[in-house]
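> sequence unknown, structure follows:
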């Protein structure tokens, strides 16, 4: 299925990469190839684009639509393993730019059978990589209530996490929870209050998706490894969609740009304070026009950094 609209912060992300015609670039979250197509259009015949995605549907889309371009390589893997991928392909430390467009893609949300959306009736799945064992159905039916509540609180920032976890525990004791709509209804009935124009299951579904797909673990590991594979002057551009992701990206880039910290009073030489990374500009948010045209862009934030040596 082809995406029906352009990726969020599309022009801004492509510009942030500062694409050079003969460079090596990595699209760490291929999706349906919107960014990949633009990167390839900017590359010359000697350029190269390596794309990664955990979703087999994305891999099939790439094979069907990009297979004729010898500059393009698609890998079924997480960007958390970007260093292994670049070593295998012989481009470790030679990458001119990396783009990470985090979170769930529009096709994943729009396809009911993937189970990501509480707005569409479908199986309770939520796996980006359907070859993995853990799914949303397994999580809600087998996880202890206390552990489930911790996930809702940590990954969904859900105020009523324990109350909702208890409701799920009671419901599954009567009948296994197998669909998105069944879970959404349980959460709705257990939730005492929620923001206007926001479904009460929003935070719970987000939390389960992040946990099942190990999204924050991948991001934490992947950010550090991105710096290892970049060439000097290489760019890292990251688009995040919720505060947990953006907080990790912001703290990572700030820490890398500031360099190592030492206890007060410890003698430090100048060379010990050197860093090989800098933040580029300020965080970029979508324009009012983009938000109007695509409501899913409203929470997007693009942060850009550059490896300096």
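Happy to help now that I have it. Because the structure is predicted, anything quoted here is derived from the model rather than measured.
> rest of the way, CA atoms for contacts and neighbours
OK.
> name the element residue 169 belongs to?
helix 161-174 (DSSP states H and E).
> quick one: least confident helix or strand in this structure?
Least confident helix or strand of the chain, by mean pLDDT, DSSP states H and E, is helix 106-110 with a mean of 83.
> what lies in contact with the helix or strand that comes right after that helix?
Proceeding N to C from helix 106-110, the next assigned helix or strand is helix 136-142, under DSSP H and E. With contact meaning Cα atoms under 8 Å, 6 or more residues apart in numbering, helix 136-142 is reached by 124-127, 148, 168-169, 172, 176-179, 208-209, 212.
> just flag the most distant two among the residues you listed.
Largest separation among those by Cα to Cα: 127 and 169, giving 21.7 Å.
> just checking the distance from stretch 35-46 to the centre of its chain.
Taking Cα atoms, centre = their mean, to the nearest Å, one finds the center of stretch 35-46 at 22 Å from the center of the full chain.
> mind listing what's buried in it?
35, 36, 39, 40, 43 (16 or more other Cα atoms under 10 Å).
> among these, which two are most distant?
Longest span within the buried residues of stretch 35-46, Cα to Cα: 35 and 43, 12.5 Å.
> what helix or strand is residue 226 located in?
Per DSSP H and E, residue 226 falls inside helix 215-229.
> now the angle from the next helix or strand after that helix to helix 215-229?
Downstream of helix 215-229, the next assigned helix or strand under DSSP H and E is strand 230-240. Using axes from the mean of the first three to the mean of the last three Cα atoms, to 10 degrees, the inter-axis angle of strand 230-240 relative to helix 215-229 is 160 degrees.
> which other helices and strands does strand 230-240 contact?
Here strand 230-240 touches helix 10-16, strand 95-101, strand 301-307, going by 3 or more Cα pairs under 8 Å, 6 or more residues apart in numbering; DSSP states H and E.
> one more pass at 7 Å, please.
strand 95-101, strand 301-307 (3 or more Cα pairs under 7 Å, 6 or more residues apart in numbering; DSSP states H and E).
> and residue 86, what are its phi and psi?
The phi/psi pair for residue 86 (degrees, to the nearest 10) reads phi -70, psi -30.
> ok, it to residue 46 distance?
In this view, residue 86 and residue 46 are 17 Å apart by Cα to Cα, to the nearest Å.
> next up, phi/psi of the most centrally placed residue in the chain, please.
Centroid-nearest residue in the chain, with Cα atoms, centre = their mean: residue 102, separated by 2.1 Å. Reported as degrees, to the nearest 10, the phi and psi values for residue 102 are phi -80, psi 170.
> need the contact list for it.
Taking Cα atoms under 7 Å, 6 or more residues apart in numbering, we find residue 102 in contact with 239, 240, 241.
> what's the answer for residue 96, then?
Contact partners of residue 96, counting by Cα under 7 Å, 6+ apart, are 23, 24, 25, 230, 231, 234, 235.
> does the closest residue in space to residue 222 that isn't next to it in sequence count as helix, strand or coil?
Once flanking residues are discounted, residue 222 sits nearest to residue 80: 3.9 Å by Cα to Cα, 6 or more residues apart in numbering. Classification of residue 80 using DSSP: H, G, I helix; E, B strand; the rest coil returns helix.
> I figured residue 80 hits residue 221, correct?
Yes - the pair residue 80 and residue 221 passes the contact test of Cα atoms under 7 Å, sitting 5.5 Å apart.
> among the two, which residue is more densely surrounded?
Neighbour count, other Cα atoms under 10 Å: between residue 80 and residue 221, residue 80 has more, with 21 against 14.
> dump the residue contacts of the more buried one.
Contact partners of residue 80, counting by Cα under 7 Å, 6+ apart, are 218, 219, 221, 222.
> so who does the last one touch?
Translated: residue 222. So residue 222 contacts 79, 80, 81, 82 (Cα under 7 Å, 6+ apart).
> gap between it and residue 51?
According to Cα to Cα, residue 222 and residue 51 sit 14 Å apart.
> ok, now residue 10?
Distance from residue 10 to residue 51, by Cα to Cα: 17 Å.
> quick one: which of the two has more around it?
Ranked by neighbour count (other Cα under 10 Å), residue 10 and residue 51 place residue 51 first, with 25 against 14.
> so the more buried one sits in a strand?
Yes - the assignment for residue 51 by three-state DSSP puts it in a strand.
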